[in-house]
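Q: Predicted model follows, preceded by the sequence.
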Amino acid sequence: ELKVEQNPLFLSMQEGKNYTIYCNYSTTSDRLYWYRQDPGKSLESLFVLLSNGAVKQEGRLMASLDTKARLSTLHITAAVHDLSATYFCAVDNYGQNFVFGPGTRLSVLP
Amino acid sequence: DTEVTQTPKHLVMGMTNKKSLKCEQHMGHRAMYWYKQKAKKPPELMFVYSYEKLSINESVPSRFSPECPNSSLLNLHLHALQPEDSALYLCASSHATTAGEETQYFGPGTRLLVL
């Protein structure tokens, strides 16, 4: 059974600081995704990571994938208040199932 | 047009009612998805349609019945729901890019309350 974990589940950080969210998964997978969800809103796709060593960056967010360790990271650089949201990773197990992590609730304080 | 639309936005129904949720996309995507999301929880995949055929059914109770009438439309028919089925129902679509990625585009969701 595919299980996806995220760490931490809650993160409160000051503006201007850096931090990393971790996503671990239990079986080999086809693709790993990162999403953002604002309160009461739908999901916004951030990154799709396909292969070992993949790194993608968009603005203050950078995602990477280590398939051997079954680990993905979402790194936040110089956080700003607008990044406050819940961040989910999700794993696609070769089309057999698609499982989300529990989410990391990020709060960026001024 | 990079939008997935869902109707209605909100729905209140009794346990004996029959209702339907509708999802539409005009991006030429050939995969469409239904998710259920309870408050403060991650989305849970319910159904996947690929090329208008049901490819994944994540052991969803039969009171939820999906339908894909054509490549742009996805319906979720609801009958005899329970209060615990109250949730945000999200529709998504995807189409592999030339790089092999499968970005999913999500609709705004239908917030369902079962009384």
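A: Here it is on my side, so go on. What you are looking at is a predicted structure, and each value in this text was computed from that prediction instead of being measured.
Q: give me every residue that touches the nearest residue to B:Glu44 once chain neighbours are set aside.
A: Using Cβ to Cβ, 6 or more residues apart in numbering or on different chains and skipping residues adjacent in sequence, the residue nearest B:Glu44 is B:Lys36, 5.1 Å away. C-beta: built from backbone N, CA, C; applies to glycine. Residues in contact with B:Lys36, defined by Cβ atoms under 8 Å, 6 or more residues apart in numbering or on different chains, are B:43-44, B:46, B:85, B:87-90.
Q: cool, A:Phe10 as well?
A: So A:Phe10 contacts A:104-105, A:107 (Cβ under 8 Å, 6+ apart).
Q: partner residues bridging it?
A: In this entry, A:Phe10 is beta-bridged to A:Arg105, by DSSP bridges.
Q: quick one: pLDDT of the closest residue to chain B within chain A?
A: Closest residue of chain A to chain B, Cβ to the nearest Cβ: A:Phe100 (3.6 Å). Reported pLDDT at A:Phe100 in the predicted model: 94.
Q: For it, give the beta-bridge partners.
A: For A:Phe100, the beta-bridge partners are A:Ala90 (DSSP bridges).
Q: and the residue sitting nearest the centre point of chain B, helix, strand or coil?
A: Centroid-nearest residue in chain B, with Cα atoms, centre = their mean: B:Trp34, separated by 2.8 Å. With DSSP: H, G, I helix; E, B strand; the rest coil as the basis, B:Trp34 sits in strand.
Q: any idea how far chain A is from it?
A: To chain A, B:Trp34 is 12 Å away according to Cβ to the nearest Cβ, to the nearest Å.
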